[in-house]
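In: Following is a predicted model, sequence given first.
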Amino acid sequence: MAHIKNYNMKHQDIYNMWVEQYENSVEESTFVKTIGIFKNHILPAMGAYKVDKIDIATCQKHIYQWAKKLKRFRMVKSYAAKVLDYAIKHSCIDKNPFALVEIPSTYYYTWFTTYTTNAKIYMYKRTHLKMYTFGSLSRIL
């Protein structure tokens with residue numbers, strides 16, 4: 001395992017090296033799924049950052065963005081953190097800022113729809129649903 005000495009490497013560059021070793025450590029179906037997560041979510045958000053300039057605030061910002069649009073944002077965070085763990089192993093950074101982010105809990109949308117009007121389905125956050133008592137719905141929560 002060679003150490004990377006270039007401190008100006010971007011997240012994309014570290015990812016390119018990480019993905020080579022990752023491909024040999026998982027099943028093909030897992031690898032394909034993981035590549036999709038990086039292509040669709042992580043690399044558009046973080047690929048252009050210099051890896052030594054990524055801080056907790058940057059990671060937190062992206063966690064919030066992923067949490068607002070993805071049900072499994074924790075998995076996305078986990079994969080993003082693996083690339084930075086790889087950078088640590090190769091002496092590019094000292095700490096993984098993803099290890100210090102706060103995980104939001106208010107962005108979980110429930111599967112419950114209360115009603116439809118004019119072909120619109122209204123979804124409510126779990127915290128909003130707890131304010132109401134809709135008979136059987138309150139037993140589910």
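Out: Nice, I can see it. Numbers count the residues shown, from 1 in each chain.

In: Test my guess that Val101 contacts Arg74.
Out: No. Contact between Val101 and Arg74 fails when scored by CB atoms under 8 Å: they sit 10.9 Å apart. The way it works is simple: take the backbone N, C-alpha and C, and place the C-beta from them, glycine included.

In: Who has more neighbours out of the two?
Out: Between Val101 and Arg74, counted using other CB atoms under 10 Å, Val101 has the larger neighbour count: 19 against 13.

In: How about Trp18: what's its closest non-neighbour residue?
Out: Leaving aside its sequence neighbours, Trp18 sits nearest to Tyr86 (CB to CB, 6 or more residues apart in numbering; 4.2 Å).

In: need the contact list for the residue lying closest to Ala45 once chain neighbours are set aside.
Out: Closest residue to Ala45 apart from its sequence neighbours, by CB to CB, 6+ apart: His62 at 4.8 Å. Neighbouring residues of His62 by CB atoms under 8 Å, 6 or more residues apart in numbering: Ala45, Met46, Ala80.

In: Remind me what the helix or strand hosting the first one packs against, helices and strands.
Out: If I follow you right, that is Ala45. Element membership for Ala45 (DSSP states H and E) is helix 43-46. If contacts are counted by 3 or more CB pairs under 8 Å, 6 or more residues apart in numbering; DSSP states H and E, helix 43-46 sits against helix 11-23, helix 56-69.
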